[in-house]
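# build me a structure from this.
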Amino acid sequence: MWETLAAIDVGTNSIHLVVARVVDGERFEVIAEEKDMVRLGQGGGDMKVLAPDAIDRAIASLTRFKQIADIDGAFVRAVATSATREAENHDELLRRAHDEADVDIEVISGLEEARLIHLGVLQAVPVFDQRILVCDIGGGSTEVVVGQRGEVLASRSFKLGAVRLTNRFFPGERLHPAALSSARSHIRSALSPFVKEVESHGFDVAIGSSGTIQSVASMAIAARGGQPPRTLNRATFTRDELAGVVERLAGARTVTARAKVPGLEPKRADIVLAGALILEGIVQSMGVEKVTVSGYALREGVLLDTIQRARGGTLHHLRDVSRRSVRHLSELMDEEQEHSQQVAYLALQLFDATALLHGLDEGCREYLEAAALLANVGLFISHSQHHRHSYYVIRNSERLIGFTDTEIEIIALVARYHRKSAPKPSHPEFAALRPDDQRVVRVLAGLLRIAIGLDRSHEGRVQSVRVRRRGSGLAVEAFPAPDADVSLELYAADERKQLLEDALSLPITVVAVGVDVREPTA
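Numbers count the residues shown, from 1 in each chain. Sure, this is the predicted structure:
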């Protein structure tokens with residue numbers, strides 16, 4: 001376990017750094033915080049392209065933040081959200097961050113962002129036992145979560161952000177008279193599919209995180225005539241106070257005039273109206289009467305998630321939230337779950353038995369388990385080319401939470417290569433991976449193929465496996481169930497061994513232990 005951690009949140013509007021000391025191996029104390037407003041998502045095109053100057057600003061910020069983290073010897077984990085995950089040229093930002101700033105960025109999905117925000121909020125506001133509605137308004141997206149006792153009951157990521165809506169509805173210095181109603185209609189339309197789900201769960205407390213919501217709180221407090229608090233954490237404002245803030249912002253017809261609204265940080269004057277309108281839409285559509293501010297959000301959630309991962313690093317199972325999401329997707333779309341579970345069991349035995357050869361870590365073991373459990377979800381769509389359908393389902397599912405975008409891509413590709421063609425440089429998705437991740441996919445898919453062969457009958461005839469060195473190669477030894485004929489399993493596994501042989505650069509034989517094996521019949 002590390003003594004200090006640093007989390008970097010590469011957002012659409014700002015890049016944030018928080019450095020923390022790990023306490024008792026399970027919580028953290030913040031020792032440094034930094035923020036740069038880089039406007040990564042600024043400009044037209046609905047954030048499809050990161051502008052060169054925006055990337056330059058981000059790299060400069062990341063370089064400085066890495067230097068700050070290094071002062072305390074902190075392990076750095078960086079995540080990127082809406083602007084990066086949507087940009088067609090985000091690979092350039094990731095490459096330059098790695099090469100120039102020595103920072104590896106994880107691009108996380110909207111739902112993973114929501115989960116991490118929820119984790120962060122629970123560290124700042126004492127509402128663990130209550131059912132909470134969490135709202136985080138970023139520059140490019142808005143995440144809304146219903147949760148209780150650390151569990152996410154429902155979540156959604158909306159393409160509603162302060163920068164995104166400013167670009168679309170309020171791009172100039174002066175406010176156009178029709179822009180307000182157009183923005184409100186757009187917000188209501190985007191939120192409407194999730195409103196019934198929120199209503200079905202209900203909530204006791206509404207909590208808002210992010211700079212936009214803190215700005216609204218500051219303006220609401222200023223309107224009361226009160227002194228600005230030292231911290232906005234756990235500050236509250238009512239639905240009526242929010243309406244007053246929106247009215248004052250909308251009444252200031254220019255950005256310059258808006259910057260003079262009491263309580264508002266002038267740097268936010270150009271985007272705050274869009275953000276306040278998003279919050280207004282959430283409050284009105286979801287029946288919120290009062291909002292409590294959380295001083296923690298995504299980056300603090302990343303810290304806690306990193307600690308939890310490290311604590312669970314020696315356990316041979318998926319992280320709890322990840323496991324549940326994988327199981328849920330499997331239950332929805334896999335009609336032969338017993339077969340998939342048996343394949344996963346055998347695949348993990350093979351992983352452990354070859355650990356000294358492949359040298360992959362616990363995280364890769366989790367990817368293998370997830371891929372094994374989900375390899376056949378594509379059958380829900382069609383048997384023909386179902387491995388390709390499995391890739392599509394895994395890659396685009398909104399049900400997989402607890403994984404980064406790269407982790408989901410690796411899992412999806414391992415599932416995609418569980419049959420038919422081996423990974424090739426001509427396959428765009430495989431080629432887009434870093435070389436180390438390409439090797440992970442090849443090794444895991446190779447292990448999975450043999451495991452699938454060892455349950456070819458779908459009847460659990462092979463109870464367990466072990467691997468031993470045999471001459472210059474390896475022997476995969478299968479232990480049959482009592483009185484089971486495993487000839488078909490041995491034949492199928494032998495047919496599927498080529499990918500793992502290539503990945504490990506060793507010949508492989510597949511044999512049964514302690515039985516006479518008949519040749520499989522046609």
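
# by contact count, what packs against the helix-or-strand element of the chain with minimal mean pLDDT?
Within the chain, no helix or strand scores below helix 320-333, which has a mean of 80 by mean pLDDT, DSSP states H and E. If you count contacts as 3 or more C-beta pairs under 8 Å, 6 or more residues apart in numbering; DSSP states H and E, helix 320-333 packs onto helix 337-353, helix 362-374, helix 386-396. C-beta: built from backbone N, CA, C; applies to glycine.

# what's the most buried one of those helices?
Mean neighbour count (mean count of other C-beta atoms under 10 Å) peaks for helix 362-374 among those, with a mean of 24.

# to residue 15, which of the helices and strands packed on helix 320-333 lies closest?
Of all these, helix 362-374 sits nearest to residue 15, with 25.3 Å by C-beta to C-beta.

# which parts of the least confident helix or strand of the chain are buried?
Buried residues in helix 320-333, counted by 16 or more other C-beta atoms under 10 Å: 321-327, 329-330, 333.

# and what of stretch 41-58?
Under 16+ other C-beta under 10 Å, the buried positions of stretch 41-58 are 41-43, 47, 49-51, 54-55, 57-58.

# low-confidence ranges, the stretch 351-500 of the chain, go.
398-399, 401-402, 404 (pLDDT under 70).

# kindly recompute the last result at 90.
362-363, 378-389, 392, 395-408, 420, 470-471 (pLDDT under 90).

# sorry, back to before: quick one, which of the helices and strands packed on helix 320-333 gets closest to residue 253.
helix 386-396 (42.5 Å).

# just the angle between that closest one and helix 320-333, please?
130 degrees (axes from the mean of the first three to the mean of the last three C-alpha atoms, to 10 degrees).

# so what touches helix 386-396?
Applying C-beta atoms under 8 Å, 6 or more residues apart in numbering, the contact partners of helix 386-396 are 329, 333, 374-382, 400, 408-409, 411-413, 415-420, 429.

# what inclination does that helix have with respect to helix 362-374?
Using the same axes, to 10 degrees: helix 386-396 against helix 362-374 is 120 degrees.

# picking that back up, using CSV, lay out the buried residues of helix 320-333 together with distance to residue 163.
Supplementary listing: the buried residues of helix 320-333 in CSV, determined by distance: C-beta to C-beta, whole Å:
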residue, distance to residue 163
321, 29
322, 30
323, 35
324, 33
325, 29
326, 33
327, 37
329, 32
330, 37
333, 36
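
# let me know the closest of those residues to residue 205.
For the buried residues of helix 320-333, the nearest to residue 205 is residue 321 (21.6 Å; C-beta to C-beta).

# one step back: now, of the contacts of helix 386-396, which are buried?
Buried, going by 16+ other C-beta under 10 Å: 329, 333, 374-379, 400, 408-409, 411-413, 415-419, out of the contacts of helix 386-396.

# inside helices: which ones of those?
329, 333, 374, 408-409, 411-413, 415-416 (DSSP state H).

# between those residues, which is closest to residue 304?
Nearest member of these to residue 304, counting by C-beta to C-beta, is residue 408, at 20.6 Å.

# tell me the contacts of the residue nearest to that closest one when sequence neighbours are not counted?
Using C-beta to C-beta, 6 or more residues apart in numbering and skipping residues adjacent in sequence, the residue nearest residue 408 is residue 400, 5.9 Å away. Residues counted as contacts of residue 400 (C-beta under 8 Å, 6+ apart) are 109, 111, 322, 325-326, 329, 394, 408, 411.

# now do residue 222
Residue 222 sits next to 228, 262-263 when contact means C-beta under 8 Å, 6+ apart.

# if you set the cut-off to 6 Å instead, what comes out?
262-263 (C-beta atoms under 6 Å, 6 or more residues apart in numbering).

# how near is it to residue 99?
45 Å (C-beta to C-beta, to the nearest Å).

# circling back: next, format the helices and strands packed on helix 320-333 as CSV and append distance to residue 80.
Shown next, in CSV, are the helices and strands packed on helix 320-333 (distance: least, C-beta to C-beta, whole Å):
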stretch, distance to residue 80
helix 337-353, 30
helix 362-374, 19
helix 386-396, 18
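
# what about residue 440, how many residues nearby?
Neighbourhood size, residue 440 [other C-beta atoms under 10 Å]: 23.

# now it. Nearest residue, chain neighbours left out?
Per C-beta to C-beta, 6+ apart, closest to residue 440 is residue 364, 5.5 Å.

# repeat that for residue 417.
residue 445 (3.8 Å).

# between the contacts of residue 400, which is closest to residue 347?
Closest approach to residue 347 among those (C-beta to C-beta): residue 411, at 12.7 Å.

# give the contact list for that closest one.
So residue 411 contacts 367, 370-371, 394 (C-beta under 6 Å, 6+ apart).

# gap between it and residue 374?
Between residue 411 and residue 374 the computed distance is 7 Å (C-beta to C-beta).

# residue 100 and residue 94, how far apart?
Taken as C-beta to C-beta, the span from residue 100 to residue 94 is 11 Å.

# so which of those two has more stuff around it?
Between residue 100 and residue 94, counting by other C-beta under 10 Å, residue 94 is the more crowded of the two (21 against 13).
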